[in-house]
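S.K.: got a structure for you, letters missing:
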């Protein structure tokens, strides 16, 4: 909106176009988010999103998956032998599992150091190509160099055709196991080789699809597997992959830690660690079922980021509001859902975090800018219209600027013109004292303007000593005619107090007192109201025949000896609430028919109204005698119209 002072509510010159502003904002967030994605800690945010998305609706565990033989607390108690257990015990377990039909036996225990010859020979005798032993690879860092050191089982075990797989796993910086091992001879990969499973290693950096928390895989205790006929259902190990390893429940939480136990993506739900044997079983299933998740490369992430930035720019291109919040939330939900669909069905993880951050950032930043611009607009509206509108109306406009239509619109208005009587004479007398003349006009127009505003009017303009105002714009006012006439009556009433003040001040300073009188014309009709002027400066004003008639009524009021003259539609609107007296019929410029003009007072008597109607009928008939007979009575009963009635007592003008 723009007001009469010629200010502009458009965006600042630097952002002369909203499109430029949105484009700059989009470019900034694209570049800033792309840089943030390069920070060392950002991948952990993406991985946290992976933790949640990869564990929603995970595929059920395959029925032919591995079985875990857990070295757990019941086994420690039942076997009652100090750890590490004798290797002959592991040999006995291998024999029992092989006899029970196990297809492959993976032992997630590193036998890198010799024990007693008898124990080592007992284990070696039980080994074969269906057994996979665990090895380890460790990074040793020193001031001179960093080197990887492999710890492998004793050569005597390898000589018995047992396979060896590296059981080491890598953790992300937050200590969570998510990444598939990159070893060609990894433990799970070697289990797959021993089982004859075609398990192609995923590309480096692929992520593990975790199938559940602790004890998701079928698990039996070590001591039970030593005697499956008595402790376990028949054929439980038939043609199954068996993985043996630690699975202690006394240290199941992240806070307490635990031997050979790791936090995984599922830990965000359970807070529990996953035993190493179950980790290897999960990796094995990822290999054989090809469920490992590939992480999207940098180009893919950049494309998604660009798409999110463009979508956000399109969303805020025309404006922001509550729909922006709703659509923005839906768009971010779509990003997460799309990421989930790609992960679940495409086995590709495209993190939605950076794209969501950029999308939300653009929407929030533009909404903030729009809010600031709206606040600025409201302040400008209040500054511009507080001089011309009542404070209550200014507040309504500030809260809802859409109620003010810029440009022209047709509305029924009640227009008021107020002029000082005899101002030319006063100005001539004060031509040597322009400051006093200016002070006098200001002292007059200030209370008159305040009265207009207090009745909900809009001050259109000041033309020297003349004030123009109207009602029913820019905000609706169903009782605009009543409010306009009420304001006029209060303006006339205020003149006595103002003149008393001016007279007292003039006497105190030895100046001449110039009494002030005003004339007011009010008319109601359909006008065009809006911002009128040039492209560089314009006023909020009204145009139309009703405006011209209101100005004529103000000038004609002096001829009828009254300070207030109303048009026909104004008089008709206020007649039920005020005492309205029709005075004459005049011909409007440009039209042939005559229209009645009236004046109004706060109160009047029915008897006086009846006598006035008779006087008016005689005036219209040209019956001078009847007018002269009624005039003295009406002057007595309606002294405010004495000048009007007194015209009938004047001798006829000479021709």
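M.R.: Structure received. Because the structure is a prediction, the values reported are computed rather than measured.
S.K.: in the stretch 301-450 of the chain, which spans are helices?
M.R.: Along the stretch 301-450 of the chain, counting by DSSP state H, counting those that start in this stretch, helices occupy 322-346, 353-385, 391-399, 423-429, 434-454.
S.K.: and the shortest one, which residues are buried?
M.R.: Right, helix 423-429. By 16 or more other Cβ atoms under 10 Å, the buried positions in helix 423-429 come out as 423, 426-427. C-beta coordinates here come from the backbone N, C-alpha and C atoms, glycine included.
S.K.: any idea of the mean pLDDT in that helix?
M.R.: The pLDDT scores in helix 423-429 average 81.
S.K.: got a list of contacts for it?
M.R.: Residues outside helix 423-429 that contact it (Cβ atoms under 8 Å, 6 or more residues apart in numbering) are 420, 437, 440, 464-465, 512, 514, 516.
S.K.: Please, where are all the helices along the stretch 501-650 of the chain?
M.R.: Using DSSP H, counting those that start in this stretch, helices in the stretch 501-650 of the chain cover 545-556, 568-574, 606-621, 624-637, 642-646.
S.K.: now for the second one, which elements pack on it?
M.R.: Spelled out, it's helix 568-574. helix 480-509, strand 518-533, strand 579-587, strand 594-601 (3 or more Cβ pairs under 8 Å, 6 or more residues apart in numbering; DSSP states H and E).
S.K.: Am I right that residue 19 falls within a helix?
M.R.: Yes - counting by DSSP: H, G, I helix; E, B strand; the rest coil, residue 19 is found in a helix.
S.K.: which residue packs closest to it, ignoring adjacent ones?
M.R.: residue 317 (6.8 Å; Cβ to Cβ, 6 or more residues apart in numbering).
S.K.: picking up where we left off before, among the helices and strands packed on helix 568-574, which is nearest residue 639?
M.R.: strand 594-601 (10.8 Å; Cβ to Cβ).
S.K.: quick one: average pLDDT of that closest one?
M.R.: Mean predicted confidence for strand 594-601 is 93.
S.K.: And for stretch 178-191?
M.R.: Summarised as a single mean, pLDDT over stretch 178-191 is 93.
S.K.: same deal with stretch 140-156?
M.R.: For stretch 140-156, the per-residue pLDDT averages 81.
S.K.: List the buried residues for that stretch?
M.R.: So, applying 16+ other Cβ under 10 Å, buried residues of stretch 140-156: 152-154, 156.
S.K.: right, and the helices of the stretch 501-650 of the chain - which one's nearest residue 593?
M.R.: helix 568-574 (10.7 Å).
S.K.: Contacts for the closest one next, please.
M.R.: Residues contacting helix 568-574 (Cβ under 8 Å, 6+ apart): 414, 481-482, 484-485, 522-525, 566, 580, 582, 595-598, 600.
S.K.: which stretch in the helices of the stretch 301-450 of the chain has the least confidence?
M.R.: The lowest average pLDDT among the helices of the stretch 301-450 of the chain, as it happens, falls on helix 391-399, at a mean of 66.
S.K.: thinking again about what came up before, the helices and strands packed on helix 568-574 into TSV, with extra columns for distance to residue 546?
M.R.: Converted to TSV, the helices and strands packed on helix 568-574 look like this (distance: least, Cβ to Cβ, whole Å):
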stretch	distance to residue 546
helix 480-509	12
strand 518-533	3
strand 579-587	14
strand 594-601	11
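S.K.: Can you say which of those is packed in most?
M.R.: strand 518-533 (a mean of 23; mean count of other Cβ atoms under 10 Å).
S.K.: follow-up on the earlier one: closest one to residue 649 among the helices and strands packed on helix 568-574?
M.R.: strand 579-587 (16.2 Å).
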